[in-house]
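Asks: Mind looking at a prediction? Sequence and model below.
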Amino acid sequence: MTGGRPQTLLVTGAGGTGRTTVAAATACAAAAQGHRTLLLSPEPARRLAALLTPGAGADDPVQGGTPAAHVPGTDAFEAVAGVPGLWLGRVEAGEEFRRQAVDLQQRGKTVLDLLGAVPLDEDELTELPGAGAFALLRALHAAHRTDALPAAAADGWDIVVADLPPTPEGLNLLALPEQLRRYLRRLVPAERQTARALRPILAQLAGAPMPAQWLYETATRWSKQLAAVQEIVDAPTTVVRLVTEPGPLAAESLRTAGAGLRLHGLALESVVANRLLPTGSSDRWLAALAGQQQAALRELRGTCAADSVPLCELPHLGRDPRGVEDLTALADAARTAVAPEAGGGGEGLRPPAGADTAPDTDVAYGWVEDRIAEDGTLVWRLPLPGADRDELELVRRGDELTVGVGPYRRVLALPSALRRCRVSGAGLKGGALGVRFTPDPQLWPQGPDADPRP
């Protein structure tokens, strides 16, 4: 990272498709091309050791020497033996949860003392469900900081490869910073902070204690941390690689995941078809299984070609990959993270000339098409290639629109042009969802010269 943000490649896919192996092979490929590469993974240490050491069953996949200073969310950034330019960051969810819980207790000590609570010691804390998601986000944030880096990568990483949980959890994890910031704004609004001198008076008037200042300070700190992670996820240098194993459900899984990616504004860098069996075997059972894979692969090729998404095909090694040698055998087909060209996905996915769209307007996603002169409506076009009409969900609530596609949901702030309108219909065409808005006569100016547009 020479004066800029590193490229970030987020690897996910359906469970059991070999996401961790593909992430490791991708990182090896990037390092082999001379890039300073960091691999982040929440996998257990023994699993990573088996993947990254030359000899199977080794206890530690790192070179000798002193590891980098501790970074929140990782055990350390450690150089991988046998792969120059590659470092590993283990995401230790349990350790990170205990550290954050102890820190929260210390910051809220005054409130806990008032309640007569006995703080929990670090050694009696056990990680709660969902702690791994926060640990991985913290690790991703730490990887983009320039402090506490190993000396050999003091200028920062060129590429960060993150091994995410399976879909849909992996994609919902990337949406978490935006969602949590929205919750914090609603539940602990910054404008409600009261001058310290007035708090006792207002508490008496209200008949209840005012929220402690530490609550606002904690919410502000969390919001800043979440904003930093969201900035990484939203950066144009961040892309997603989807891993699948060709089979009867591969195309359906890819379709749903692709729609979820577009809903959250994430770029799909490529699709990896993993564990491809050799064709032409004399064994009838193996030949039938390979034939089934090839049929699914043809469908995947068609889908990826239609969406202008590269498809990488990785062979089955005949065994579970173990060690750098096996990863090197896969690395040639696992391309380094390169942001794809914008576009693709079919008709209707690009805004027409003159349409209101980001970043110069307040349209956070998609674009607004002005059809006031034609039929008296404004249409918000939301690109959702791969979405199915039966799995769509739309809910208007105040100045927000909740859009759901299968297991994925996103709450979008309405552009200012639509806040004084009513939802009058919606339709899915050409890979884009068009939500029609009609100006509300009670909110728009009236008269022959009035223009309903802001």
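Replies: Cool, got the structure. Numbers count the residues shown, from 1 in each chain.
Asks: Could you chop the chain up by domain?
Replies: Domain assignment for the chain by automatic domain parsing gives 7-331, 356-439.
Asks: looking only at pLDDT, what's the mean for the last one?
Replies: If I follow you right, that is domain 356-439. The average pLDDT for domain 356-439 rounds to 88.
Asks: Hmm, Thr218 is touching Arg107, no?
Replies: Yes. In this structure, Thr218 is within contact of Arg107 by C-beta atoms under 8 Å, at 6.2 Å. Glycine gets a C-beta too; all of them are placed from N, C-alpha and C.
Asks: The domains of the chain into CSV, with extra columns for mean neighbour count?
Replies: Output for these, formatted as CSV (neighbours: other C-beta atoms under 10 Å):
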stretch, mean neighbour count
domain 7-331, 18
domain 356-439, 17
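Asks: Compare those and say which comes out lowest on pLDDT.
Replies: Minimum mean pLDDT among the domains of the chain: domain 7-331, a mean of 83.
Asks: Pull up the distance across it, start to finish.
Replies: 18 Å (C-alpha to C-alpha, to the nearest Å).
Asks: roughly how far is that domain from the heart of the chain?
Replies: Chain-centre distance of domain 7-331: 8 Å, with C-alpha atoms, centre = their mean, to the nearest Å.
Asks: what's the closest non-adjacent residue to Ala287?
Replies: Ser281 (4.7 Å; C-beta to C-beta, 6 or more residues apart in numbering).
Asks: That neighbour contacts Ala288, correct?
Replies: No. In this structure Ser281 lies outside contact range of Ala288 using C-beta under 8 Å: 9.4 Å.
Asks: The strand or helix carrying Leu215: what's the following helix or strand?
Replies: With secondary structure defined by DSSP states H and E, Leu215 is part of helix 213-234. Downstream of helix 213-234, the next assigned helix or strand under DSSP H and E is strand 238-244.
Asks: and that following strand with helix 213-234, angle?
Replies: In terms of direction (axes from the mean of the first three to the mean of the last three C-alpha atoms, to 10 degrees), strand 238-244 departs from helix 213-234 by 70 degrees.
Asks: in its sheet, what does strand 238-244 sit against?
Replies: Its sheet considered, strand 238-244 pairs with strand 7-13 (parallel), strand 267-276 (parallel) by DSSP bridges.
Asks: contact partners of whichever helix or strand comes after the last one?
Replies: Meaning strand 267-276. Where DSSP H and E defines the elements, the next helix or strand beyond strand 267-276 is helix 284-306. With contacts defined as C-beta atoms under 8 Å, 6 or more residues apart in numbering, helix 284-306 is touched by 244, 246-248, 250-251, 254-255, 271, 273, 276-281, 310-311, 313, 344-346.
Asks: The next helix or strand after helix 284-306 pairs with which strands?
Replies: Where DSSP H and E defines the elements, the next helix or strand beyond helix 284-306 is strand 311-315. Strand 311-315 has its sheet partners listed here by DSSP bridges as strand 267-276 (parallel).
Asks: May I have stretch 287-297 as PDB, with CA atoms only?
Replies: C-alpha atoms of stretch 287-297 as PDB (Å, rounded to 0.1, in the frame of the first residue of the first chain):
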ATOM      1  CA  ALA A 287     -17.900 -40.200 -15.000                       C
ATOM      2  CA  ALA A 288     -21.500 -39.600 -14.000                       C
ATOM      3  CA  LEU A 289     -20.500 -37.300 -11.200                       C
ATOM      4  CA  ALA A 290     -18.200 -35.400 -13.500                       C
ATOM      5  CA  GLY A 291     -20.900 -35.100 -16.100                       C
ATOM      6  CA  GLN A 292     -23.300 -33.700 -13.500                       C
ATOM      7  CA  GLN A 293     -20.600 -31.100 -12.700                       C
ATOM      8  CA  GLN A 294     -20.100 -30.200 -16.300                       C
ATOM      9  CA  ALA A 295     -23.800 -29.600 -16.800                       C
ATOM     10  CA  ALA A 296     -23.800 -27.300 -13.800                       C
ATOM     11  CA  LEU A 297     -20.600 -25.600 -15.000                       C
END
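Asks: Where does the residue nearest to the spatial centre of the chain sit: helix, strand or coil?
Replies: The centroid of the chain falls nearest to Leu174 when counting by C-alpha atoms, centre = their mean (2.4 Å). Classification of Leu174 using DSSP: H, G, I helix; E, B strand; the rest coil returns helix.
Asks: Please look at it and His264 and confirm they touch.
Replies: Yes. At 6.4 Å, Leu174 and His264 qualify as touching, with contact defined as C-beta under 8 Å.
Asks: Just give the nearest non-adjacent residue to the residue nearest to the centre of the chain, would you?
Replies: Val233 (5.2 Å).
Asks: now the one you found: how far from His35?
Replies: 21 Å (C-beta to C-beta, to the nearest Å).
Asks: what's the answer for Asp158, then?
Replies: The spacing between Asp158 and His35, counted by C-beta to C-beta, is 4 Å.
Asks: Same check on Arg371?
Replies: Going from Arg371 to His35 by C-beta to C-beta gives 48 Å.
Asks: Might you report the residue contacts of Leu276?
Replies: Pro246, Gln293, Leu297, Glu313, Leu314, Pro315, His316.
Asks: Enumerate the beta-bridge partners assigned to it.
Replies: Pro315.
Asks: what angle sits between the helix or strand containing Cys28 and strand 267-276?
Replies: Following DSSP H and E, one finds Cys28 within helix 19-32. Helix 19-32 and strand 267-276 are oriented at 110 degrees to each other (the same axes, to 10 degrees).
Asks: Can you give the strand pairings for the very next helix or strand once past helix 19-32, parallel or anti for each?
Replies: Of the helices and strands lying after helix 19-32 in sequence (DSSP H and E), the nearest is strand 37-41. Within its sheet, strand 37-41 is paired with strand 86-90 (parallel), strand 159-163 (parallel), according to DSSP bridges.
Asks: Identify the residues contacting strand 37-41?
Replies: 6, 20, 23-24, 27, 30-31, 48, 74, 77, 80, 85-91, 136, 139-140, 143, 153, 157-163.
Asks: got it, and stretch 401-416?
Replies: Taking C-beta under 8 Å, 6+ apart as the rule, stretch 401-416 contacts 168, 171-172, 175, 178-179, 182, 256, 259-260, 263-264, 356, 361-365, 368, 380, 382, 384, 387-388, 391-396, 399-400, 423, 433, 435, 454.
Asks: try stretch 247-265
Replies: By C-beta under 8 Å, 6+ apart, the surrounding residues in contact with stretch 247-265 are 12-14, 167-168, 171, 174-175, 178, 234, 240, 242, 244, 267-268, 271, 273, 292-293, 296, 299-300, 303, 307, 345, 365, 382-388, 391, 403, 405-408, 410.
Asks: Kindly report the same for stretch 419-434.
Replies: 345-349, 366, 369, 377-387, 389, 392, 394, 396, 399, 401, 403, 435-440, 443-444, 454.
Asks: Would you pull up how far it lies from the middle of the chain?
Replies: Offset of stretch 419-434 from its chain centre (C-alpha atoms, centre = their mean): 26 Å.
Asks: Can you give me the first-to-last residue distance of that stretch?
Replies: Stretch 419-434 has its terminal residues 16 Å apart, counting by C-alpha to C-alpha.
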